[in-house]
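Q: when you get a sec, could you give me coordinates for this:
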Amino acid sequence: MFKKIVRFSIRKKLFVVLTTLFLMIGGIYSMLTLPIDAVPDITNNQVQIVTVSPTLAPQEVEQLITFPIEVAMSNIMNVEEIRSVSRFGLSLVTVVFKESVPTLDARQLVNEQIQTVAGEIPSELGVPEMMPITTGLGEIYQYVLKVAPGYEDKYDAMELRTIQDWIVKRQLSGIPGIVEINSFGGYLKQYEVAVEPDALYSLNITISDVYDALSRNNQNTGGSYIEKVNRAYYIRSEGMITDLKDIEQIVVTNRGGIPVHVSDIAKVRYGAPKRFGAMTKDGEGECVGGIAMMLKGANANVVTQELEKRVAKVQKMLPEGVSVEPYLNRSELVNRNISTVIRNLV
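A: Numbering: from 1, shown residues only. Predicted coordinates:
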């Protein structure tokens, strides 16, 4: 058998050379395009459905949200397992499909059932949503916003969180292979209207009156257009709130022909929702950061390289004294693993 192979190779030199060349080209192409990661992702084919309902206890979450979703998901074919977790203010249902079912097809089937069961769950209790197409190994890039020495008094935890949510997070979105940017730490900026009960009672004003006034006075409207000769003038009314003074000047009602403003019955200030944790780094106190989540099955090495390029551009957009400092980069771990394999083989 071996002699026949040698004899064939000698007679068909051109065929052997071309075959070898094609194999080399295919090997080089595979080497350049093959997804490389530090550890294998063994996550099964699953779709997660999350519903946030901040006011419900675990018992009500299970009865009013989790159970209806589980019943709806049990009607889907090619499902291997359905499991759920009901906690205070949170419902998480995991639907595990057979490996032969494509990811997008599985999500489409789940989405159809979500639309059906959404009518059974009161809107005020929360809206079921699917989690992004990622896994537990999708955290490929983690970073913090670092404040340069001398700028500590200029940027507090709330200001850094605002920079993260409105500048860094938005600029890092849209990278191929990235499905989500999660923010951590700091205080989520809110505009709070702290009403004074005695002032409301004395003026016979209810909380609903204040809420309705704030809602009506925070929107832009259009007034069509006016035609004059051969021109059309478009009418636009700007009523969006831009700062605390705008909120204070909103008229809630009239008493005896005198307008009652929000500032007469409440204190307007910046605030933040209650937190259940904080983010710290190197024992230097609280900080603000984010995590980039990778698409399931994407090439971690390529995605992190694109992230590094985008972060370099974001650095130029940040305010003076603030910079993005990564502390976990999957590509560094991948490169170290590759170096270890090469060293052991050689």
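Q: the stretch 201-346 of the chain: strands as residue ranges?
A: Along the stretch 201-346 of the chain, counting by DSSP state E, counting those that start in this stretch, strands occupy 221-228, 231-237, 251-255, 258-261, 266-271, 289-294, 322-329.
Q: just the stretch 1-150 of the chain next, same as before
A: Using DSSP E, counting those that start in this stretch, strands in the stretch 1-150 of the chain cover 46-52, 79-87, 90-97, 129-130, 139-147.
Q: of all these, which lies closest to residue 310?
A: With C-beta to C-beta as the measure, strand 139-147 is the member of the strands of the stretch 1-150 of the chain nearest residue 310 (10.1 Å). C-beta coordinates here come from the backbone N, C-alpha and C atoms, glycine included.
Q: and stretch 61-79, how far apart are its ends?
A: For stretch 61-79, the first-to-last residue distance is 23 Å (C-alpha to C-alpha, to the nearest Å).
Q: same deal with stretch 283-299?
A: 33 Å.
Q: same thing with stretch 128-148?
A: 41 Å.
Q: what is the burial count for the nearest residue to residue 143 once chain neighbours are set aside?
A: In space, residue 143 comes closest to residue 326 once its chain neighbours are excluded; the distance is 4.4 Å by C-beta to C-beta, 6 or more residues apart in numbering. By the measure other C-beta atoms under 10 Å, the count of residues near residue 326 is 16.
Q: residue 326 and residue 146 touch, don't they?
A: No: in this structure residue 326 lies outside contact range of residue 146 using C-beta atoms under 8 Å: 10.3 Å.
Q: what domains does the record give for this protein?
A: Following automatic domain parsing, the chain resolves into domains at 46-130, 139-188+276-345, 190-271.
Q: what's the closest of those domains to residue 22?
A: Per C-beta to C-beta, nearest to residue 22 of the domains of the chain: domain 139-188+276-345, 24.0 Å.
Q: and that closest one, end to end?
A: 29 Å.
Q: ok so, going back, now the strands of the stretch 1-150 of the chain in JSON lines, with mean pLDDT, mean neighbour count and distance to residue 224?
A: Listed next are the strands of the stretch 1-150 of the chain as JSON lines, based on pLDDT from 0 to 100; neighbours: other C-beta atoms under 10 Å; distance: least, C-beta to C-beta, whole Å:
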{"stretch": "strand 46-52", "mean pLDDT": "94", "mean neighbour count": "20", "distance to residue 224": "39"}
{"stretch": "strand 79-87", "mean pLDDT": "94", "mean neighbour count": "15", "distance to residue 224": "50"}
{"stretch": "strand 90-97", "mean pLDDT": "94", "mean neighbour count": "21", "distance to residue 224": "45"}
{"stretch": "strand 129-130", "mean pLDDT": "94", "mean neighbour count": "14", "distance to residue 224": "37"}
{"stretch": "strand 139-147", "mean pLDDT": "92", "mean neighbour count": "21", "distance to residue 224": "45"}
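Q: now the ones you listed in a markdown table, with distance to residue 269?
A: Output for these, formatted as a markdown table (distance: least, C-beta to C-beta, whole Å):
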| stretch | distance to residue 269 |
| --- | --- |
| strand 46-52 | 26 |
| strand 79-87 | 31 |
| strand 90-97 | 29 |
| strand 129-130 | 32 |
| strand 139-147 | 24 |
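Q: residue 246 is nearest to which of those strands?
A: strand 139-147 (28.3 Å).
Q: now the angle from the closest one to strand 322-329?
A: Between strand 139-147 and strand 322-329, the angle comes out at 150 degrees (axes from the mean of the first three to the mean of the last three C-alpha atoms, to 10 degrees).
Q: what pairs with strand 139-147, and is each one parallel or antiparallel?
A: With DSSP bridges as the test, strand 139-147 is paired with strand 289-294 (antiparallel), strand 322-329 (antiparallel).
Q: okay, how far is it across stretch 258-276, tip to tip?
A: 44 Å.
Q: now do the buried residues in it.
A: 260-262, 264-266, 268 (16 or more other C-beta atoms under 10 Å).
Q: who's in contact with stretch 95-111?
A: 44-49, 73, 76-83, 130, 133, 296 (C-beta atoms under 8 Å, 6 or more residues apart in numbering).
Q: pull out the buried positions in the strand or helix carrying residue 171.
A: Following DSSP states H and E, one finds residue 171 within helix 169-172. Neighbour counts over helix 169-172 (16+ other C-beta under 10 Å) mark 169, 171-172 as buried.
Q: wait, isn't residue 263 in contact with residue 248?
A: Yes: Residue 263 lies in contact with residue 248 (C-beta under 8 Å); the separation is 3.8 Å.
Q: not counting its neighbours along the chain, what's nearest residue 280?
A: residue 286 (5.8 Å).
Q: alright, that wraps it up for me.
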